[in-house]
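Colleague: Output the structure for:
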Amino acid sequence: MAAYRAADTPTGRGEVMRREGVYQSLVWRWGQQIDAGTLGTKRPGPKATGKDKAKIRVRELEAQLERAKDRNRTLEELVVTQGKCLALHVDVSVHGSANSPKF
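Modeller: Here you go, the predicted structure:
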C-alpha cells in the first residue's frame, strides 16, 4: 500500500498493482480501511465446525446406537416370525393334514 501511495502517476500505480497482482477495487478498499483504522481488525469468524473430539465421539456413539436399535428391531421381527412359523408347523403336525408341507 505504501508503494502504491508513493507512486506519482497512474502508470506508476498500475505498475505496482500488476507487480502485486491486485485490482484497483482492493487497493481502494484497503486504503479506506487504513484511513479508518480498521484494516486488520478481527471480525467474528465462522461458527465452530464441531471438530471437538468429544463431540465427534458422541456423534459416533449415537450413530452406533441407532444401528444397534435398527438391528434389534430386525431381530425382534425375526423372532416373532419364527414363532409364527413354529406355531404353524406344530399345528400342522398335530392335526396331521395330508396336504401339510414337509419341513
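Colleague: ok, residue 16 - how many residues close by?
Modeller: Using other Cβ atoms under 10 Å, residue 16 has 18 neighbouring residues. Bear in mind the C-beta positions are built from the backbone N, C-alpha and C, glycine included.
Colleague: next one: residue 33
Modeller: When neighbours are counted by other Cβ under 10 Å, residue 33 registers 14.
Colleague: just residue 67 next, same as before
Modeller: 10.
Colleague: Let me see the backbone angles for it.
Modeller: Dihedral pair for residue 67: phi -60, psi -40, per degrees, to the nearest 10.
Colleague: Any figure for the gap between it and residue 59?
Modeller: Separation of residue 67 from residue 59 (Cβ to Cβ, to the nearest Å): 13 Å.
Colleague: Next: residue 93.
Modeller: Remark: distance between residue 93 and residue 59 (Cβ to Cβ) = 51 Å.
Colleague: and residue 69, helix, strand or coil?
Modeller: The local conformation at residue 69, judged by DSSP: H, G, I helix; E, B strand; the rest coil, is helix.
Colleague: tell me the contacts of it?
Modeller: By Cβ atoms under 8 Å, 6 or more residues apart in numbering, residue 69 lies in contact with nothing.
Colleague: Quick check, pLDDT for it.
Modeller: Residue-level confidence at residue 69 comes out at 97, pLDDT.
Colleague: can you give me how far stretch 6-20 is from the chain middle?
Modeller: How far stretch 6-20 lies from its chain's middle: 44 Å, per Cα atoms, centre = their mean, to the nearest Å.
Colleague: average pLDDT across it?
Modeller: pLDDT averaged over stretch 6-20 gives 88.
Colleague: Contacts made by that stretch with the rest, please.
Modeller: Outside of stretch 6-20, the residues within contact range by Cβ under 8 Å, 6+ apart are 3-4, 23-24, 27.
Colleague: what do you get if the cut-off is 10 Å, keeping everything else the same?
Modeller: 1-5, 22-24, 26-27 (Cβ atoms under 10 Å, 6 or more residues apart in numbering).
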